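**Student:** Show me the folded form of this:
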Amino acid sequence: MERLCLVQNKMVIGLTGPAQSGKDSFFLLAEEYLKSLNIKCKRIALADNLKNDLKLFIQEKLGIDIFNPTQVEKELIRDLMVVYGKIKRQQTEGKYWTNLVKKEIDEHIKNNIVVFITDIRYAYYPEDELTWLRNYNNNYLIHISRLDKNGLIIPPRNQEESENDPILKKNADIKLCWHTTEDSLLRKKESEEILNKIYEKYSRI
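**Tutor:** Residues are numbered from 1 along each chain as shown. Predicted structure coming up:
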């Protein structure tokens with residue numbers, strides 16, 4: 001039986017997990033899957049505004065394109081981004097970056113577009129990113145982790161992740177642990193069950 005999009009459905013999905021666990025890769029698979037069902041979705045990353053703030057400084061002082069760094073460059077600037085993001089979060093008790101995307105998310109919801117927030121990272125302040133996500137109707141939190149080539153889960157990359165990731169993982173609605181691979185078919189297979197659960201939740205709204 002053909003599965004049809006229900007236009008009244010509104011859903012906000014948060015993706016969480018350590019750096020390089022594959023959150024953006026999962027979104028691309030979800031986007032392809034939902035598109036096949038005539039369901040529109042949109043990616044929003046809290047860190048995109050952070051990158052916009054630092055773009056000129058990092059380009060001028062370090063010669064790095066913050067939106068297209070090599071893997072080596074990404075590691076070089078990671079701590080700088082974390083520190084800047086942390087300062088803005090401390091000034092607002094965790095609300096600075098979420099406040100910046102609220103209008104955009106509300107607009108997508110109004111237009112019946114499924115929103116994926118690909119970098120839910122913090123659960124420290126009373127109104128932090130986890131609580132903020134939960135305040136949306138029909139929210140869904142997916143925790144993603146990745147196995148290295150030896151079959152071991154890749155750990156958090158810094159203290160911020162070490163403190164927050166266990167809380168986010170505990171509060172996730174569903175968890176995905178997949179392999180390090182360039183095999184797109186394997187990635188689809190490993191994510192298939194969760195993609196189906198997304199659609200099942202969507203269709204029940």
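
**Student:** For stretch 159-168, which residues meet the burial criterion?
**Tutor:** 160-161, 164-165, 168 (16 or more other Cβ atoms under 10 Å). In this view, the C-beta of every residue, glycine as well, is placed from N, C-alpha and C.

**Student:** I'd like the residues you listed laid out as TSV, including distance to Tyr96, secondary structure and pLDDT.
**Tutor:** Below are those laid out as TSV (distance: Cβ to Cβ, whole Å; DSSP: H, G, I helix; E, B strand; the rest coil; pLDDT from 0 to 100):
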residue	distance to Tyr96	secondary structure	pLDDT
Glu160	15	helix	90
Glu161	19	helix	93
Asn164	16	helix	96
Asp165	20	helix	96
Leu168	19	helix	98
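
**Student:** any idea how far the spatially most central residue of the chain lies from Leu100?
**Tutor:** Centroid-nearest residue in the chain: Thr118, 1.6 Å away (criterion: Cα atoms, centre = their mean). Going from Thr118 to Leu100 by Cβ to Cβ, to the nearest Å gives 15 Å.

**Student:** same check, this time on Trp178
**Tutor:** 30 Å.

**Student:** can you check Pro155 too?
**Tutor:** 29 Å.

**Student:** So which of those two has more stuff around it?
**Tutor:** Neighbours were counted for Pro155 and for Leu100 using other Cβ atoms under 10 Å; Leu100 has more, 16 against 11.

**Student:** Can you point out the buried residues in the lengthiest strand in the chain?
**Tutor:** Counting residues, the longest strand found in the chain (DSSP state E) is strand 139-147. Using 16+ other Cβ under 10 Å as the test for burial, strand 139-147 gives 139-146.

**Student:** Could you do stretch 102-119 as well?
**Tutor:** 105, 108-109, 113-119.

**Student:** Off-centre distance for it?
**Tutor:** Here the centre of stretch 102-119 is set off from its chain's centre by 13 Å, with Cα atoms, centre = their mean, to the nearest Å.
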